[in-house]
Every structure is written in C-alpha cells, then in structure tokens.
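**Q** Only the shape, not the letters, is given here:
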C-alpha cells in the first residue's frame, strides 16, 4: 500500500469529520445568543423611572425570543447597575463594548447619563438607540452612532404655557433640578414664557438628591404665580408637591415633568396629586403600531401598567430589531446606515432620525391626574378629558 | 409674616435634624467612634415604616415604641459582636471601627435593597397642615420637631439626673477616670450604641413622613448627621441641639432668599466656617 493511498484514505476518512466539525461549529455559532448590553440605574435617585426603562428592554427581548429571535438566534441581556452615576455608566459601557463584546447596545436612563456615555458610542463606533436621552445637545454635530428614542427635552410640557395662557394665566414659576434634561427643559419653558409674553415671577434650580422644599415652596407662595412648572425627576416631584401642601399653597396650575406618570406618585402623595399635569411621549390610548399588544404583554409579564419610559425602551428594541432584520447583519456600520435613513413604526410613534441622530418623528402629550386617574388633556386631537382647574392641593 | 413662617419652618426642620444627629452624637461621645452605619439604620427604619404602613394601614406612630425597643436590642448585639472586640486595640481602634461601621452600612444598605428595592418611597400620612394665625404648620414636621425636642429633653434628664446617665456622661468625659470610679465602661459603650441605634430608628420612622427615602439615601443622612454633630462640638448633645436649630433656620432663610442650590451647600459652608472660627463647635465641651 503506497503512502499516497494512505494519505488519500486518511483524507477520505478525515474529510467528513472536518466537514462535521465545521457544520457543528457553524450550528453552535448559530445558536449563540445575540447579546444586548445595557447599564441601567437600578439604584440611586433615578431608580424609580429607570425600572420602567429596564422593563421595556426586557419585554422587547422576551417578545423577540418568542418569535424565534433575530437572525435565527435568541437574544440575551447583559445588564449592569450604574447606580444613577454617570461615571459608573461610562465604565460599564466601556466594559460592555471592550470586554463583554456585546453584539448590540441600548442606552442608559436619563439624559445626564446618556450624555456621559454617548462619546463612547462614537469612539468605539457602536450603534446605540438612546431611549433615556431627551437632551438635544447629545445629538449635536459630530454624533454619528447614538440615536435619540425620545422626543427632545425642550418639548417637555411645551403645551403647558399655551394651554394655561388661553385660560387666563399670566404669572409663572419655573423650578429646575440641576441635571442636563431638567435644565434643558426649564430653559425651553423660560424662553417660551418670554415668547408668549408671560411673566416669570419665580425661578430657581436645586441640586439632586433634592433638598427640603419648605423654603422654596414659601418663596413660590410669596411670588404667587398662576402656573408652577417643575422640571423634575421622581423624588423632587414628590418633595415639591408635599412642600406646597405643607404650607397650604396651591397654584392655579401645577405641572411636573417626571414623577406623576408613575403609579407610586399617587400612592405616595394621595389626594394632593389631583389635577397635577405632566408630560408623556406615549399613552395607552394612542393608535400607534402594536400599542395594544405591547400593553397586554407588558401587563402579563410585569403585572403592572407600562409607562412612557417602558414604551421608549421597547421602541428602541423595535428599531434595533427592524435594522437587524433588514440588514440581516449585526455589522455596526450597516445597522447605523439603515437606522439613519429608514423610518420605523413603534409603539411610541414613528422613529425617524435627523442628520445627527435627533428624533424627528415622536410627539409630546400632556396628561392630568383627575381623581386618581391619568387622562390626556393635550393636544386637543388626543384629549381624553378637558383639563380641570384650579389645582387645589388636596 | 414670611419671616415668622421661615422661623417656624426652620425650627421644625431643626427639630428633625436634632433627631437625626443625637444617636450619632451619643455613640461618638461615649465610644469615640463615628458610626458610619448611622444613616443606614435611619433609612432601613424609614423603609420598614413604609412597608408596615402600606401593608397594615396603621399609623406609623404606632411603630415608634416598637422600633425603639427592637433597635435597642439590635444595637446592643451589634456593639457586642462587632465593636467591643476592637476596644482592646488601642489607637488602632478608631480606624478599625470606621472600617467596621463602613462595612456594616454596606451590608445594611444591600440588605435593604434586596428587601425593599431601590425606589424612593414616601408616605401620605400626617400631611395635615394647620393654619395658626396665618402660619402654616404641618403635622409631620411638628411630630418630628416635637419628638426631637422631647428626645433631647429626655437625654438631658437621663444624663444629668440618673445614676446610669451620669455614669454614661462620666464615661464620655473621661473613660479612664470613669474606670477608677468603678463604672463599667464596657457596659456604658454597649448602652450608648444601643440607644444611638434606637434613636436612629425613631428618626427613620419620622423621616419617611417628611422626605422621600430610598436605600441609597443612607450615605447622605450619615454625612448630614455628622455635619450637625461636628457643628455642635463632637459628642456634645446640647451643642447638637443648637447646631440642628441653627442649620434648620439658616437653610430655611437661604432656601427662600437664594434658592435650592445654595440651600444644599449650607451645612458644609457652616461646617467650614465653624472649623475655622470655632473648631470646638457650638456647645460648651471642647474635645
């Protein structure tokens, strides 16, 4: 028997084995889950709203997996807690990209933390939907890889001043927490007041975690505004409402940006929440794509109602899913190019990116708490009830 | 009228601060250690109060005696197990006790996160506001302020007019001298930590009625309590009363006239000012 024959026989023997190994490896790769990475504020001052943010991602992953995943692969979440700290979030997103080497990323909760991590997306060229980033400055010239999945912060409560002016209001008090989103929102409302020729009789900023609001409430009472607008997060929204109540003062109109959308806001404060107005980018009654299905699946999974934070992160997963399916790829450049040029119908409305990643298609709404229920009161085309005035503080 | 309202608010806020700080102050006075777990005990008591009220629909005030007794026992056990062994270590004791209480605060906060979650919570109880001669006076702030004053009064009576209190006061002033007088200093250390923990527990029950709390709030409360204790003169319980009232009044005025940003830094500005001009604090005792 010649050596050549032996080699030929060996080759004939090994070929199926190698082919089987390659097929096995390919099959194993096909089964390897797509890892979606995120760092969310599970603890710290932002934790209440961030919990909804996380649940939207979790539901998006569960829904994708229920339909066989993306590209034939299941999805898996790699999650860290940034403790509401931008510095920690930067470290964790760096870890997700460079050490964990996740396939896809979803942005963190809050504009401040998103602003801190957005440069990483551009540095590492990792496409990232940002469902917690309402601050427009994040999506300025030079940004290429981060996509806004919320309406811009400047639009929060932008219906409040026109609506109240039409009802005779003229004097305004504006409070802003010292965080990127709330400052952007507050400045926009101050500019809007000027444009509408309304008087800003009191304006202040405060640090987070929030202070005792007794003195600020007293200062508001002294200024006696018709409208109080607080560009707030949850704990300060609660603190301010409590403080106004404690000094027995109720402005005719009272609005807070973040906080009133959460169920615990009503349970924590009781009847003093009645007639508080707030802002939302999503609502259960909207006829957006698959909205009813989203609500039903969310309730089944978490035994509670979703809020607009959950809708924003769920929309982020819808956009990512659409991009992955359309490009049949996890290639970051292909995904980025697709998301920059395509529209996606989501539960939150139409995703449409501007040239620098700024959201162009989402809308803003305002709701009012009326006897323990939240009802849309603005814009008129979506209203479920007329706004009730005055705010009574009890 | 505004100035009067600011004074009332400041005094009531000061009462809350006194309540926050007295437990930490007592522990420092007798044991010479800064209990870095103080804020976590306050926070856990507050979160437990939230859990109790939302599950039983009872008034949170019912919890005050129960929390006092339970935290008295818990404090005594923690002191015996974790801090008393350090007493033999001489000068290393102070640093090690800082590390132990720092570790303890982490354990308490992490346990609280697991039990109560990370969300900010607050209670709608005691939110009535009374109008007295044009002044608005809130039920929860009055409860905290009155209890703060009551506790300081009880501490004063106990420390000055009872044998055990005098023994504790003697230990805080001069531990070696106390030993030579036959005072069981070890027992005094146990009592002080137990009472300090119990006072922190009561502060937590009342604080949840005034401010939203979450497990990570613990660090902020420890720092705030320490600032009050330092302003008063470390270990000086009368000084802590003055410091709590001063801080409440100054914050009340500053918050009104200068806004929320400046109000938040007031405790630290006051602390720096006092460290430069009157390092012994507001009280009489200079340690």
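**A** Happy to help now that I have it. The model shown is predicted, which means the values in this text are computed figures rather than measured ones.

**Q** and residue 99, what pLDDT?
**A** All of this refers to chain A. We have a pLDDT of 96 for residue A:99.

**Q** Can you look at chain B instead?
**A** 92.

**Q** May I have the phi/psi pair for it?
**A** The phi/psi pair for residue B:99 (degrees, to the nearest 10) reads phi -70, psi -40.

**Q** How much space separates it from residue B:197?
**A** When distance is defined by C-beta to C-beta, to the nearest Å, residue B:99 is 19 Å away from residue B:197. Backbone N, C-alpha and C define where each C-beta goes, glycine included.

**Q** List the residues that contact residue B:229.
**A** Going by C-beta atoms under 8 Å, 6 or more residues apart in numbering or on different chains, residue B:229 touches B:21, B:24, B:25, B:28, B:235, B:240, B:243.

**Q** How about it: what's its closest non-neighbour residue?
**A** residue B:25 (4.7 Å; C-beta to C-beta, 6 or more residues apart in numbering or on different chains).

**Q** Pull the contacting residues for the one you found.
**A** B:228, B:229, B:232, B:234, B:235, B:236, B:237, B:240 are the contacts of residue B:25 under C-beta under 8 Å, 6+ apart.

**Q** ranking these by neighbours, who comes first?
**A** The most neighbours of any of these, using other C-beta atoms under 10 Å in any protein chain shown, belong to residue B:240, which has 33 neighbours.

**Q** That one reaches residue B:21, doesn't it?
**A** Yes: at 4.9 Å, residue B:240 and residue B:21 qualify as touching, with contact defined as C-beta atoms under 8 Å.

**Q** Next, show the common contact partners of these two.
**A** Joint contacts of residue B:240 and residue B:21 (C-beta under 8 Å, 6+ apart) are B:228, B:229, B:232.

**Q** closest to chain A among those residues?
**A** residue B:228 (13.9 Å; C-beta to the nearest C-beta).

**Q** what helix or strand does that closest one sit in?
**A** Assessed by DSSP states H and E, residue B:228 sits inside helix B:218-232.

**Q** Report the buried residues of that helix.
**A** B:218, B:221, B:222, B:224, B:225, B:226, B:227, B:228, B:229, B:230, B:231, B:232 (16 or more other C-beta atoms under 10 Å in any protein chain shown).

**Q** Quote the end-to-end distance of stretch A:34-50.
**A** 23 Å (C-alpha to C-alpha, to the nearest Å).

**Q** Averaged pLDDT, that stretch. What do you get?
**A** 87.

**Q** swap in stretch A:270-279?
**A** Here the average pLDDT along stretch A:270-279 is 94.

**Q** Kindly report the same for stretch B:221-239.
**A** Computed over stretch B:221-239, the average pLDDT equals 89.

**Q** what separates it from the chain centre, distance-wise?
**A** 8 Å (C-alpha atoms, centre = their mean, to the nearest Å).

**Q** What of stretch B:207-220?
**A** With C-alpha atoms, centre = their mean, you get 13 Å for stretch B:207-220.

**Q** Same question for it: list its buried residues.
**A** In stretch B:207-220, counting by 16+ other C-beta under 10 Å, buried: B:207, B:208, B:209, B:210, B:211, B:212, B:213, B:214, B:215, B:216, B:217, B:218.

**Q** touching chain A at all, it?
**A** Yes: Stretch B:207-220 is in contact with chain A by C-beta under 8 Å from any C-beta of the partner chain, via B:210, B:211, B:212, B:214, B:215, B:216, B:217, B:220.

**Q** Please state the mean pLDDT value computed over the host helix or strand of the residue nearest to residue B:229.
**A** Taking DSSP H and E as the definition, one finds residue B:25 inside helix B:2-31. Mean pLDDT, helix B:2-31: 89.

**Q** just checking, next helix/strand downstream of it?
**A** helix B:38-56.

**Q** what packs against that following helix?
**A** With contacts taken as 3 or more C-beta pairs under 8 Å, 6 or more residues apart in numbering or on different chains; DSSP states H and E, helix B:38-56 sits against helix B:2-31, helix B:63-78, helix B:92-116, helix B:185-207, helix B:218-232.

**Q** In contact with residue B:158, which residues?
**A** Counting by C-beta under 8 Å, 6+ apart, the residues that residue B:158 touches are B:164, B:165.

**Q** quick one, the host helix or strand of it and helix B:2-31 angle?
**A** Applying DSSP H and E as the criterion places residue B:158 in helix B:139-161. Between helix B:139-161 and helix B:2-31, the angle comes out at 40 degrees (axes from the mean of the first three to the mean of the last three C-alpha atoms, to 10 degrees).

**Q** which of the residues in helix B:139-161 are buried?
**A** Buried residues in helix B:139-161 (16+ other C-beta under 10 Å): B:140-145, B:147-149, B:151-152, B:155, B:159.

**Q** Can you give me the buried ones in the helix holding residue B:25?
**A** B:5-6, B:8-31.

**Q** hmm, back to that, where does confidence bottom out across the residues of stretch B:207-220 next to chain A?
**A** Within those, pLDDT is lowest for residue B:216, at 80.

**Q** on that earlier part again, nearest to residue A:314 among the shared contacts of residue B:240 and residue B:21?
**A** residue B:228 (45.7 Å; C-beta to C-beta).

**Q** Output the set of residues of the stretch 201-350 of chain A in proximity to chain B.
**A** Residues of the stretch 201-350 of chain A lying near chain B (C-beta under 8 Å from any C-beta): A:204-207, A:209-216, A:218-219, A:222, A:234-235, A:238-239, A:242, A:245-249, A:264, A:267-270, A:272.

**Q** Can you pull the residues of the stretch 1-150 of chain B lying near chain A?
**A** Counting by C-beta under 8 Å from any C-beta, the stretch 1-150 of chain B sits next to chain A at B:2, B:5-6, B:9, B:13, B:54, B:113, B:117-124, B:127, B:129, B:131, B:136, B:138, B:140-141.

**Q** all strands for chain A, in order.
**A** A:34-40, A:75-81, A:104-105, A:128-130, A:146-148, A:171-177, A:199-206, A:227-231, A:253-256, A:277-280, A:344-346, A:349-351, A:365-370, A:373-378 (DSSP state E).

**Q** neighbouring strands for the fifth one, and are they parallel or not?
**A** The one in question is strand A:146-148. strand A:128-130 (parallel) (DSSP bridges).

**Q** who's in contact with the strand it pairs with?
**A** A:105-107, A:114, A:118, A:121, A:138, A:145-150, A:316, A:319-320, A:339, A:357.

**Q** again with stretch B:263-274
**A** In contact with stretch B:263-274 (C-beta under 8 Å, 6+ apart) are residues A:206-207, A:211-212, A:215-216, B:224, B:227-228, B:230-231, B:246-247, B:250-251, B:254-255, B:281-282.
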